[in-house]
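In: output the structure for:
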Amino acid sequence: MPVELVAKETGLRAGAPLYRGYAFDLDGTLYLGDELIEGADVVVAALRGSGARVVFVTNKPLETAENYAAKLTRLGIPADAEDVISALDALTLYLTDCYPGARVLAVGEPVLIESLSQAGFTLTEDPQQTDVVVVSFDRTFDYDKLTRAYHAVNAGAVIVATNPDPYCPTPDGGLPDCAAMLAAIEACTGGRAEAIVGKPSVHMANAFLHRLGVPANEAVMVGDRLLTDVAMGLNAGMASALVMSGATTDDHLAASGILPTHVLDDVRGLLPA
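Out: Numbering: from 1, shown residues only. Modelled structure (predicted):
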């Protein structure tokens with residue numbers, strides 16, 4: 001389908017020019033739950049057809065890059081694992097740079113633990129033998145994990161978190177995300193995370209810009225959240241496109257001091273008329 005036809009049919013509030021590189025958020029931007037957002041497959045195909053480079057960036061540390069790529073492919077957006085950058089990639093880079101060989105107490109799900117182990121970190125459940133408490137989106141979070149983290153931080157361990165999201169959007173209203181687990185640990189210890197490595201951090205921006213392979217000022221970050229997607233793109237020197245298909249409402253946008261480069265009803269607005 002011609003790009004001009006797609007753009008004219010959508011009736012979106014604004015269009016965007018073409019860029020050399022596109023970094024797409026996933027949840028709320030390209031899909032919601034297990035449903036593709038209408039037209040997302042056509043948009044990505046058209047942008048790739050124009051010669052643009054495309055990567056996918058997610059704060060959600062619940063799946064491997066291979067799994068995210070498989071999901072995108074199943075939904076009609078062909079992707080390989082190297083096209084996907086998650087908060088786990090940013091976490092590994094941060095810990096490797098700042099705490100090589102650290103002993104890590106992980107508050108997270110098995111994919112987090114496997115990722116840290118594969119990166120060469122020693123996993124421990126002993127608070128007295130912990131250098132870093134890593135906090136992530138964890139649907140198995142419980143009082144036992146909170147207690148171990150509490151003792152580890154009080155014994156001198158630092159806190160590093162994967163992402164600052166308070167909730168993850170889902171078709172049935174969302175799930176508590178990493179910020180909820182982090183808040184519990186910070187509240188009982190009085191400590192604060194020294195780094196939150198996912199969006200909107202510079203650690204995540206560096207990870208995906210390296211993978212994208214185009215200058216920041218020739219790329220656009222596309223996402224549904226002002227405080228993570230849009231803020232990170234702007235801070236990294238990129239353009240930003242806020243899509244209204246996920247977490248952000250018109251009221252949120254009006255009340256925010258963050259000004260996206262483009263505001264679109266959904267990703268179909270990326271195709272210029």
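In: can we go C-alpha only for contacts and neighbour counts from here?
Out: Fine.
In: excluding its backbone neighbours, what's nearest residue 266?
Out: Leaving out its chain neighbours, the residue that sits closest to residue 266 by C-alpha to C-alpha, 6 or more residues apart in numbering is residue 243, at 4.8 Å.
In: tell me the pLDDT at the one you found?
Out: Reading off the confidence values, residue 243 has pLDDT 90.
In: does it touch residue 264 like I think?
Out: Yes. Taking contacts as C-alpha atoms under 8 Å, residue 243 lies within contact range of residue 264: 4.8 Å.
In: between these two, who's got more neighbours?
Out: Legend: neighbour count by other C-alpha atoms under 10 Å for residue 243 and residue 264, higher for residue 243 (28 against 21).
In: what residues are up against the more buried one?
Out: 29, 222, 223, 224, 263, 264, 265, 266, 267 (C-alpha atoms under 8 Å, 6 or more residues apart in numbering).
In: quick one: which of these sit in strands?
Out: Members of the contacts of residue 243 lying in strands (criterion: DSSP state E): 222, 223, 263, 264.
In: looking at these, which is nearest residue 130?
Out: Nearest to residue 130 out of the ones in strands among the contacts of residue 243 is residue 223 (C-alpha to C-alpha; 35.4 Å).
In: list the contacts of that closest one.
Out: Counting by C-alpha under 8 Å, 6+ apart, residue 223 has contacts 24, 25, 26, 28, 29, 229, 230, 241, 242, 243.
In: what residues of stretch 212-232 count as buried?
Out: 212, 214, 216, 219-232 (16 or more other C-alpha atoms under 10 Å).
In: tell me which of these fall in helices.
Out: The helices, defined by DSSP state H, take in 212, 231, 232 from these.
In: those strands in the stretch 101-250 of the chain, which residues are they?
Out: Applying DSSP state E, counting those that start in this stretch to the stretch 101-250 of the chain gives strands spanning 103-107, 122-123, 132-135, 158-161, 167-168, 175-176, 195-196, 219-223, 239-243.
In: what angle separates the last one from strand 219-223?
Out: If you take axes from the mean of the first three to the mean of the last three C-alpha atoms, to 10 degrees, strand 239-243 sits at 20 degrees to strand 219-223.
In: can you give me how far strand 239-243 is from the chain middle?
Out: 14 Å (C-alpha atoms, centre = their mean, to the nearest Å).
In: quickly run through the sheet partners of that strand, with directions.
Out: With DSSP bridges as the test, strand 239-243 is paired with strand 219-223 (parallel), strand 262-264 (parallel).
In: what of the fifth one?
Out: Using DSSP bridges, the neighbouring strands of strand 167-168 in the sheet come out as strand 175-176 (antiparallel).
In: likewise for the fourth one?
Out: The partner list of strand 158-161 in its sheet, established with DSSP bridges, is strand 132-135 (parallel), strand 195-196 (parallel).
In: buried residues in it, which are they?
Out: By neighbour count on 16+ other C-alpha under 10 Å, the buried set for strand 158-161 is 158, 159, 160, 161.
In: same check on the first one?
Out: The neighbour-count criterion (16+ other C-alpha under 10 Å) identifies 103, 104, 105, 106, 107 as the buried residues of strand 103-107.
In: if we can go back for a sec, could you tell me the least trusted of the strands of the stretch 101-250 of the chain?
Out: Among the strands of the stretch 101-250 of the chain, strand 167-168 scores lowest, at a mean of 84.
In: and the chain, what are its domains?
Out: Domain ranges of the chain: 3-59+200-270, 88-196, per automatic domain parsing.
In: related to what we said a few turns ago, from residue 15, how far out is the residue nearest to residue 266?
Out: Distance, residue 243 to residue 15, using C-alpha to C-alpha, to the nearest Å: 11 Å.
In: cool, residue 103 as well?
Out: Taken as C-alpha to C-alpha, the span from residue 103 to residue 15 is 48 Å.
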